Every structure is written in C-alpha cells, then in structure tokens.
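J.: Kindly generate the corresponding structure for this input.
(chains A and B)
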Protein chains: 2
Amino acid sequence: MSTVVWKGNFIYSKDAAHLNLVEQGYLVWENGISRGIFTELPGEYQGIDVRDFGDCIIVPGLCDLHAHAPQYAMRANGMDMELLDWLNTYTFPVESRYDDLEYAKAAYGQYVEALKESATTRACIFGTIHREGTLLLMELLEEAGIRGFVGKVNMDRNSPDYLREKSAQEALMDTRAWLDACGRFSRVTPILTPRFVPSCTDELMRGLSKIQEETGLPVQSHLSENFGEIAWVKELCPESENYGDAYDKLGLFGSKGKAVMAHCVHSSPAERSLMKERGVFVAHCPQSNMNLSSGVAPVRTYLEEGVSMGLGSDMAGGFSVSIFRAMSDAVQASKLRWRLLDEGLKPLSVEEAFYLGTLGGGAFFGKVGSFEAGFELDAVVIDDSRLLPPHTLSLRERLERIIYLSEDRDILEKYVAGEKIFERAVG
Amino acid sequence: MSTVVWKGNFIYSKDAAHLNLVEQGYLVWENGISRGIFTELPGEYQGIDVRDFGDCIIVPGLCDLHAHAPQYAMRANGMDMELLDWLNTYTFPVESRYDDLEYAKAAYGQYVEALKESATTRACIFGTIHREGTLLLMELLEEAGIRGFVGKVNMDRNSPDYLREKSAQEALMDTRAWLDACGRFSRVTPILTPRFVPSCTDELMRGLSKIQEETGLPVQSHLSENFGEIAWVKELCPESENYGDAYDKLGLFGSKGKAVMAHCVHSSPAERSLMKERGVFVAHCPQSNMNLSSGVAPVRTYLEEGVSMGLGSDMAGGFSVSIFRAMSDAVQASKLRWRLLDEGLKPLSVEEAFYLGTLGGGAFFGKVGSFEAGFELDAVVIDDSRLLPPHTLSLRERLERIIYLSEDRDILEKYVAGEKIFERAVG
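T.: Next up, the predicted model:
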C-alpha cells in the first residue's frame, strides 16, 4: 500500500454555500482514496516524498450528470432551431449513424478524447439504441480511464422508424444481452436508459423496472424539460399526477435503485417533493436549457428543498463538454431567471455553482467530488498562470477565473480514483 | 499597386438575414480594399499568383463596439455580484491603478495581446480617466495593428474621489491635451468618452459636445442598461423625455457626429426612434447583460426598426474578448428572452448574430465587415479541421460550429485593412 503526498493549492466544497480554500496545503491519499487535506503535514506522513505542484490549483474532478455521446458529432449545429426541428434535422438522423461501427468508432473516439482532455472525471452518458455501438463507447471510455455510467438507449414508440426498437420485448432482450456483455468493464458500468416517457411503452418501462429490481442498476432519463413535452406526458399518462409520477408508477423513479433525471426545468412542487422522497438526482443543464429555449430550472429551490443535484453538459443540447462552462452558465442563467421571471429566487454564487459540478453531482457516483478523507481521489491540476493579471488574486478569485476562462490546455494532469489518466505534453 | 488573389471558402453577410457562402471562390484585393468575391477568377486577374487557403474558412474581421480595456485585469471576478457591489469592489479600484504606468503597461499589454490573437480587427475601447495611460493603450493597439477608436474616459461627478476628474474645466483641458497627443497614431483614433450621464456634469457634457462640433470625432457612452440607472438619470435630468434625450439635449447623441451607445436593454420606443433619427449605433453586449443581471436587449426590434447595431464584448461586464462568443451569447440570450419574457420576439438566427458581429458593427468604422468590392480588407483565416465530425458539414454548419466552438488557436492569420497583423506559429 503506497501513500502519496501532494503539496499545492487545494479548493473543494465544504457544502453548497462554502468553499475550502487551502493555500499551500497537503493532500494525502492511498489506494485511490483521500486520507484528508492538511495545512501542516502530520507526523505519520513525514519522510514520504512530497510531490510539489507549486502554485497550481488542484480541484476535485468535475462530474457530468447528463450527456449524449453520439450527439457530440452534431454539437453546435441547429442551435437556432426549435426543439422539434432540431430533433428531426439533426438528432435522430445522427443517432441512427451509430448502427455503423466504423462511424461509431470515429465519432465516439472524438467525444472520448474531448472528455479525456477536459476536467471531467465522472459522467452519466447516453449511447444510442444500438447495442454494439454502445459497447464500443464503453470500451473507449474504459480505455481512457473516465468513470461513470453508460446506457444503451431504449425507445420503442413515437420515434422515427429508423431509430426505434421494434417492440418492448425485443428491446428488453437486447438490453439484457447488452448487460451480459458489460461484465468486462471495470471503470464504466451500465445504467438503464429509457429515453423519456413519450418514447417508451409501459411494457418496456415495466420490463426495465424489473431489470432494475433484479440488478440494482441505476436509471437515467429526462424530466420536465419543456412545456410541450409535459403536456404530451399528461396526455399519454392521464392517471399520473405529474411527469415524475409517471416514471414512479412504472417503477423507475428511485424506488428500486438510484435515478438521475435531466433538466427538471418546470417540475411542480409535488414532483419536486416526490424526487426528494425517492432520492432522485436532478441533472441541471443550463446551456441546453438556453439553447433549446426550455427555460431555467429553479436551482435554488432544489437546493433549499434538499433535492440532490449536479450539473450536466447535455451534449449536444449543450455544445460544450466543459463542466466549468456549465458552472458559469448556471450562474448566468440564474441571473436572467431572476431578472426576467422571478426576483424571489436569488442568483447562484460561485460557491454554489462549483458545488453542483463537484460534490453535488459527485454523490451520484459514491464518495466523489471532495478531498475530504474517505473520498475517491479524483483531481484536476490546473496551471492558471496564463489567466493572472498584474495584481495578486485570492484563491477564490483564481477559482472564479478558472470557472469562466480556463481552457483544456490549462489542465496539467487529471486523476480518477487515483489513476492518472491525462498529462499534458509540455512544450 | 499590387493585386492579391486568395482562394478559399468565404463567408460574409449579404444583409442581416442572409449569408453569402462561397465554396472555393476567389477574393481579389488591392491596397487594403476588396475588389470583390468571384466564383471564377475574372480574366483581368489571370496570371496573378493565387494564394490558396485550401479548405480553410475565411470571414471578415469581427467588430467589437464596446470594451473597457482596463477591466481586462479584473475580468471574470465578482461575476456573482450585483452591479453596485461589483463596481465598488472591482471596477473602480482596478481602474484607479492605471495612474501607474508600470501597471498600465503590464495590464494593457495583456489585453492587447488577447485582442491580437482573437478574431477581432476593429474595436471601440474605453480607457480610464488617465491621459498617459490611455495614450499608452493607444500605442500598444497601434503597434498590434488593431484599428478603431479609443477614448480617455470623462467622469467628474458621482464617482469615488480616487477616480474622478476634479472639475469639468480640468477634465476638458485634459481631454484637449490628450487629443493633441493623439496626432501620432494612424490606426487608432480618439473617441469622446463621457462614462455615462450620472458621472458627468452638464458643463462637462456641453464641453465635449463643443469638441465634437470642432473636431467631428465620434462619441461613445452607455445607455439604458438597467432599471436603477434609468431611474437615476430621470432624477438627474427631469427635463429630458428619456435617457437618450438627456444625451441629445447635451448635444452628444449623434447630432454633431457619430455616436455608439452600449447596452440599450430597456430603451423605450421614443428613445429607439430618436436613435434611428440620429443614426446612433447600439452596441449589444449580451454576455455583460447576463452577468450584471441587466436583462436582454430586444435585438430583433432594433433590426426591424432599422436602428444600426453591432456586438460588444463589454470587457469586463463580459469576461470574454471573443465576438464569436458574443454571437452565440446573443442567440442564447434571445432565446431566454423569448421563453421568459416575450414570445412575440422570435430568437435570433445564426445569420443575424453573424451579421451583428461583422457588417452590422463594422458600419461604425466605415466600409468594414464584408468582402464586397470597396470594403476594407479585414479578414480572419480559420482552420476548423479540429471541429469537424466524421460526416460532412455544409459551409453554414461549419460557420455555426466556428461561432460556438472555435478558440483563438484555430485562427491561422488575421488581416486588418490589408495588413497581416497575426499569423499563428505552426507546430
């Protein structure tokens, strides 16, 4: 068992409203697990070689709670369209390409490379309906060292012919075959992925719920993203009290295992209360919610009500892989929400945005998103010297600047559960 | 007189709603002026060496209609504050540093370097109240080859002691001395820069108007950015019909020379109508308007009413130098405006956002922002190969991707009025 000691500037969340800012402190870790942060190195660790990161800033790896890997190939296209045009012109035709493993290899390769070079260490990722393509994506992520959950998408209704599973029964068989093939992965694990209520029959949903009951796997889907969708679900599920309740009645809303729902822009108090009761996570995707004119989720309300929450890139409703960008987008969106919609809900602070992208979302993956003792060692080493002005900044100011201005090229090294998965070539 | 012929993919605006997309066409220019774009090279230019840019995309240089150069040193700090806290904690203390020429040289040097590496070729820039610091900024811009207007800021009331001109008379004398010293510049020229109505006495304003009358210089300032400011101007100028009319009554609203006003988020119909009548330009600064919770300007209304308009970074209400970023921010902000405030105003298209950042804002500088014959040759050569997916994109799709995703490192060369001012070192 080898013990590692790092020296540097460490920043991590204490809670949603407070940061720990440790200037020239020590981080000790063993076997991929933190033993804690210290301002002075404790006697028991004296004598161990100290890796000195100088004036670099080290933060926990960022967590992306919602992304569609196949859509990376169409990111930043059709950003001036409305949702339905965008889906039909870009999303569905592009997703159908992943039946072709050559295309899948090239396109997923680009996405995984981008993820590897970013500050993200953990992610919840949608594939497509294609089993082999999804396995290929998992293989690429596994090799790259990114950890998290990947799902083969299920959709057996209200979708174009060329991108629809032929029946619930076939979809479930295919899903079980995919799960059997996932045994070979250790860093990425499967997650059940019904696209959303409108694209899945009740039979398919109930079958997935049964699989969740048998396997304990988590589930990911979409919830209350925009008004048209919510009205559609109400029509499809007249017996449900709300959209979340529709998932719940089908057994896929946290009652049988973990669940994360993307967006939740327009969730009613009853829906939010059910989410809290069931421990369902919200993946807040501010960039996507702007791009697709969905609106702005009331993040502060979720935080105050104690609903679990993290950030999502929603690649490619969002065009950026970066969760730093998601943090700054979350602050900006909360300000426009405050100005244009509801002055009762104060905009988000830097502390809150950083929390959502680290500890908040990290909880979906286990003890992830902090440097406290017992947390998995996910860390990003950032050289922000390029971003410094002629006068001195505090650590908090440097963090804010990293959130708004850093690019992948400022990342020197990245660790996931103690594995170094990225190191920038120098020069 | 040397004639230059370029071959490549050219994209430029036809008008606010339409793009010219010229695949593998020819651009001919002489003495810094375009002779036009051709799909086949006309006979008269046969025999001239053709510079072939391969599959690169070439767009007009981008125009930034509003930026505060001194605030680059504090960009992306205090972005979760409200306007007044932000001004007192960051803006005013940082601007006061530019009395120190050592600091000014270091900080302006960073800003000018960033501008040089960006896609921006023309800009309207605020300095500070300091004459020597502002001259230093102009010198650095002149050397870098950026063209446009730079202003020594005037403010003689309602500002902290350490950042206020002592009297209107002193301010005007200092401004005239600054103008005398500007004769040595050829690429950057001075622009009169009263900070905004609340920070300038009537005497100062009238004196500036007199200078404008004598010199024909343009003027830049701020207008109708947020509700508190508008109420304050109403109090200060009870005889004025609106904020724009306050400038007009003081002779600084386009009646004696060109004027550009930043923000115009909450301009009334009467104010907009006066702007149109006076030929006043709007500098739309969507990122700043989000960061400072100002709201979202009704861009489409201005376009429909025929008010001249371009984009501004508003460094450092905005944190990004990039006018590509301003384009994507403009689209996103227009979508939230549509969703949260007014469904009557359709969100902006890619065409419209690109127009604002090129031809729309370019008009403030003369024949700038297009490749049509007679326009000054401002051009940015972009290698977007890093951004391409495995499938083929149209030129329009590639442009959209450049707007949302390109970074400075994708720029190969940049020309301003025919001068090459930037070339990326290869390898």
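
J.: Mind giving me the packing neighbours of the helix or strand that contains A:Glu102?
T.: Assigned by DSSP states H and E, A:Glu102 belongs to helix A:101-117. Using 3 or more C-beta pairs under 8 Å, 6 or more residues apart in numbering or on different chains; DSSP states H and E, the elements in contact with helix A:101-117 are helix A:131-144, strand A:419-423. All C-beta atoms are positioned from the backbone trio N, CA, C, and that covers glycine.

J.: How far off centre is that helix?
T.: 18 Å (C-alpha atoms, centre = their mean, to the nearest Å).

J.: CA atoms only for the following helix or strand past it, dumped as PDB, please.
T.: Proceeding N to C from helix A:101-117, the next assigned helix or strand is strand A:120-126, under DSSP H and E. Written as PDB, here are the backbone C-alpha positions of strand A:120-126 (Å, rounded to 0.1, in the frame of the first residue of the first chain):
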ATOM      1  CA  THR A 120     -14.400  15.800 -16.200                       C
ATOM      2  CA  THR A 121     -13.700  12.600 -14.400                       C
ATOM      3  CA  ARG A 122     -17.100  11.100 -14.000                       C
ATOM      4  CA  ALA A 123     -20.200  11.100 -16.300                       C
ATOM      5  CA  CYS A 124     -23.600   9.600 -16.900                       C
ATOM      6  CA  ILE A 125     -23.800   9.100 -20.600                       C
ATOM      7  CA  PHE A 126     -26.500   8.100 -23.100                       C
END
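
J.: Quick one: distance of strand A:120-126 to the chain centre.
T.: Worked out by C-alpha atoms, centre = their mean, strand A:120-126 lies 5 Å from the chain centre.

J.: go on, stretch A:280-293?
T.: So, by C-alpha atoms, centre = their mean, the centroid of stretch A:280-293 is 11 Å from its chain's centroid.

J.: I'd say A:Ala326 and A:Pro286 touch.
T.: Yes: A:Ala326 lies in contact with A:Pro286 (C-beta atoms under 8 Å); the separation is 6.4 Å.

J.: if I look at A:Ser288, how far off is A:Met79?
T.: In this view, A:Ser288 and A:Met79 are 10 Å apart by C-beta to C-beta, to the nearest Å.

J.: hang on, I meant A:Ser406
T.: 23 Å.

J.: Among those two, which residue is more densely surrounded?
T.: Comparing A:Ser406 with A:Met79 by other C-beta atoms under 10 Å in any protein chain shown, the one with more neighbours is A:Met79, at 27 against 24.

J.: Tell me the spacing between the closest residue to that one other than its chain neighbours and A:Gly183.
T.: Sequence neighbours aside, A:Asn291 is the residue nearest to A:Met79 in space, at 5.4 Å (criterion: C-beta to C-beta, 6 or more residues apart in numbering or on different chains). Going from A:Asn291 to A:Gly183 by C-beta to C-beta gives 37 Å.

J.: ok, now A:Asp99?
T.: For A:Asp99 relative to A:Gly183 (C-beta to C-beta), the value is 24 Å.
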